[in-house]
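S.K.: Sequence plus predicted model, see below.
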Amino acid sequence: MRGTIDLIRPINSIMVGFAVMVGISVVSPINIVTMPSLLGFLTGFFISSFSMVMNDYYDMEVDKVNRPDRPLPSGRVPPNSALILASVLLIFGIASSILISLNNFIIASAFAFLAWLYNFWGKRKGLVGNMMVAASVAIPFIYGGMAVGHADNLLLLWLALISFLATTGREVVKTICDIEGDKIRNVMSIARVYGPRYASIFGSLMFMLAIVSSWLPIITGIVGIVYAILIIIPDAIFMYGSIMVLKSPSSNALHVKNISLFGMLIGLIAFLIGGVGS
């Protein structure tokens, strides 16, 4: 049971489900406690969990070097059991999307396919793979808006863009931690091809673009003072992360990878509270 929980990385998957609910609340707060909202959360959670399991499945050899304690390389979960688990999670995720609408089913299917394609092919492609992950993080917000018929909301699109930029930065910084293991699967990451210094510069640039983008809704008058106050916290975290990874890429990359995830969570809360109150 512990191995199964470790495979799906529940914190990550809960954040994806939460992102769907944030997307709903930003465009239609009255629908936050409704069946589409619950089903949207389940879609995000299950498909993210599916992606997490497939990631570990395709990364078994890499994880023997990078993370030998993970469920598959450590032998706590057999590979066949992981595939069965992934299939069940995918079915649950797609089924919950069908119960919302046809458009949501299409988006969820595209999200699931992108997750599989990244693990099967995209991860080895360096920046392309990083951006595939970032797109997967941005999609849940659009999915949430679609669940209540407002996928084209401008604030929602800003949220998706900021998430895309911040996640791209985090994914590039992550590659600094994985250079040795990535050699096994021939992952052409920025850190492996061009070196940790270049990866730290690019990752920091993405963080800075995310920070700048987070203030555009304020400048354009879409949100108010509550959002402006709250967004300072995640922006400060990303600024700190940028400074730390530039200062010492190899020794600080893991720390920046972890704190940037926390920054993204705080950013979601800022959009949830600030966006609803605007």
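M.R.: That came through fine.
S.K.: Only C-alpha atoms from now on, for both contacts and neighbour counts.
M.R.: OK.
S.K.: Now do residue 244 against residue 197, distance only.
M.R.: In this view, residue 244 and residue 197 are 12 Å apart by CA to CA, to the nearest Å.
S.K.: Give me the pLDDT value at residue 249.
M.R.: Among the per-residue scores, residue 249 holds a pLDDT of 97.
S.K.: whoops, residue 222 was the one
M.R.: pLDDT, read off for residue 222, is 87.
S.K.: pretty sure it contacts residue 156?
M.R.: No - the pair residue 222 / residue 156 is not scored as a contact, 10.6 Å apart, by CA atoms under 8 Å.
S.K.: ok, these two, which is more surrounded?
M.R.: Ranked by neighbour count (other CA atoms under 10 Å), residue 222 and residue 156 place residue 156 first, with 25 against 13.
S.K.: could you give the mean pLDDT of the host helix or strand of the more buried one?
M.R.: Secondary structure assignment for residue 156, by DSSP states H and E: helix 154-177. Averaged across helix 154-177, pLDDT comes to 95.
S.K.: Quick one: list the elements packing against the next helix or strand after it.
M.R.: Counting by DSSP H and E, the next helix or strand C-terminal to helix 154-177 is helix 179-182. On a contact count with 3 or more CA pairs under 8 Å, 6 or more residues apart in numbering; DSSP states H and E, helix 179-182 meets helix 60-66, helix 190-194.
S.K.: So which elements touch the next helix or strand after the last one?
M.R.: Counting by DSSP H and E, the next helix or strand C-terminal to helix 190-194 is helix 196-219. Of the remaining helices and strands, those touching helix 196-219 by 3+ CA pairs under 8 Å, 6+ apart are helix 154-177, helix 190-194, helix 225-230, helix 232-247, helix 249-276.
S.K.: Just the buried positions in the second one, please.
M.R.: Meaning helix 190-194. 190, 191, 192 (16 or more other CA atoms under 10 Å).
S.K.: same deal with the first one?
M.R.: Judged by neighbour count (16+ other CA under 10 Å), helix 154-177 contains these buried residues: 155-177.
S.K.: Then the third one?
M.R.: When burial is assessed from 16+ other CA under 10 Å, helix 225-230 yields the following buried residues: 226, 227, 228, 230.
S.K.: Reformat those as TSV; add pLDDT and distance to residue 2.
M.R.: Compiled in TSV, the buried residues of helix 225-230 are given as follows (pLDDT from 0 to 100; distance: CA to CA, whole Å):
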residue	pLDDT	distance to residue 2
226	90	40
227	91	38
228	91	40
230	93	36
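S.K.: Of those, just say which sits nearest to residue 119.
M.R.: residue 230 (34.4 Å; CA to CA).
S.K.: In contact with the closest one: list those residues for me.
M.R.: Going by CA atoms under 8 Å, 6 or more residues apart in numbering, residue 230 touches 267, 270, 274.
S.K.: Give the buried subset of the residues you listed as a PyMOL selection command.
M.R.: To isolate the buried members of the contacts of residue 230 in PyMOL, using 16+ other CA under 10 Å:
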select buried, resi 267+270+274
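S.K.: Redo the contacts of residue 230 as CSV? Include pLDDT.
M.R.: Below are these laid out as CSV (pLDDT from 0 to 100):
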residue, pLDDT
267, 90
270, 88
274, 78
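S.K.: can the contacts of residue 230 go into CSV with extra columns for distance to residue 90?
M.R.: Shown next, in CSV, are the contacts of residue 230 (distance: CA to CA, whole Å):
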residue, distance to residue 90
267, 28
270, 30
274, 33
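S.K.: nearest to residue 82, of the contacts of residue 230?
M.R.: Nearest to residue 82 among these, with distances taken as CA to CA, is residue 267, at 32.2 Å.
S.K.: The closest residue to that closest one other than its chain neighbours and residue 259, how far apart?
M.R.: Spatial nearest neighbour of residue 267, chain neighbours left out: residue 234 (5.5 Å); criterion: CA to CA, 6 or more residues apart in numbering. Going from residue 234 to residue 259 by CA to CA gives 10 Å.
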